[in-house]
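> build me a model from this:
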Amino acid sequence: MSQTVDRALRILTDLGGGPKTLDQLAALLDVHKSTALRLLQTLESQGFARHDEQHRYRLGPRLFALAHQALDDLDIRRLAAPHLAALNQKHGHTVHLAAYVEGTVVYIDKYDSRHPVRMNSRIGALAPAHCTAVGKVLLAGLPEPRRKAAISRLGFERYTPNTITDPGAFEAELGKVAAQGHAQDRAEHEDYINCVAAPIRDAAGTVLAAASLSVPEPVLTYSGVLALLPDLLAAADAASAELGWTAPPPHHDQEN
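This is a model prediction of the structure:
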């Protein structure tokens, strides 16, 4: 692999952990800023990177288009669709399907709420991994080395007073999510949105995607959202079954 290609791929990987400035990317690559800028300009011209008003670089739309195509090839969206649509139809709340793509949590499908107060999200949008239920489920499903690497790349930006900003606390949260098989976001990303999420697995048990129910506080309280968890888990398990996953039998403690 040529040095230029290697550096370009490292840029995309670094951007997968969140927006970066030119100075940060040059330092990560250990190159002069002019070298990093040339690489970024090439990536921008092809749609693989973009920069905002604060001159921070992010992953570009073409990368997500390719990622969506790859996910479509796995049939995740198609196979999960009837189960998530039924969940949305039953409760009328926003249902998301998200995947972990190149170090980034991406919404790959959405079923809109029927209530007047709705979430401002869209297919293809990024979700911060440290403060969304889908992000927690997806990172908790990674093998431990990849999980630790992913945590090390997070910026832990504070969005609300409830956002977890400590890496150690977040790692403990992921351990809890992995053990219980679902995640909660109690107004951690948006201060009036509560959310629960569950994993969608393949035949080997690998977490391929996360499904979630998101509800504004004025529509339903946090405890009310938690009460919907059994239906969400059932929908996620049904989607997983479409991908060949078999749920383990329930564990019963033996009497002494």
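> for this structure, what are the low-confidence residue spans?
Low-confidence segments of the chain, defined by pLDDT under 70: 1, 67-74, 117-118, 250-256.
> so the most centrally placed residue in it is in which element?
Nearest to the mean C-alpha position of the chain, by C-alpha atoms, centre = their mean, lies Val105 at 2.9 Å. Take DSSP states H and E as the rule and Val105 turns out to sit in strand 104-111.
> strands paired with that strand, and their directions?
The strands beside strand 104-111 in its sheet (DSSP bridges) come out as strand 94-101 (antiparallel), strand 126-127 (antiparallel).
> what segments of the stretch 1-150 of the chain are helices?
3-15, 22-29, 33-45, 61-73, 76-91, 133-140, 144-153 (DSSP state H, counting those that start in this stretch).
> what residues are up against the closest residue to His55 other than its chain neighbours?
Residue nearest to His55 in three dimensions, not counting chain neighbours: Thr21, with 6.4 Å by C-beta to C-beta, 6 or more residues apart in numbering. (Glycine included, C-beta is placed from N, CA and C.) Contact analysis of Thr21 by C-beta atoms under 8 Å, 6 or more residues apart in numbering lists 55-57.
> now do the helices in the stretch 151-256 of the chain.
Assigned by DSSP H, counting those that start in this stretch, the stretch 151-256 of the chain shows helices spanning 167-180, 222-226, 229-242.
> the last one packs against which elements?
Spelled out, it's helix 229-242. Packing partners of helix 229-242 (3 or more C-beta pairs under 8 Å, 6 or more residues apart in numbering; DSSP states H and E): helix 76-91, strand 193-201, strand 207-216.
> what lines up beside the second one in the sheet?
Sheet neighbours of strand 193-201, with direction, are listed as strand 183-186 (antiparallel), strand 207-216 (antiparallel) (DSSP bridges).
> what angle do it and helix 133-140 make?
Calculated by axes from the mean of the first three to the mean of the last three C-alpha atoms, to 10 degrees, strand 193-201 forms an angle of 40 degrees with helix 133-140.
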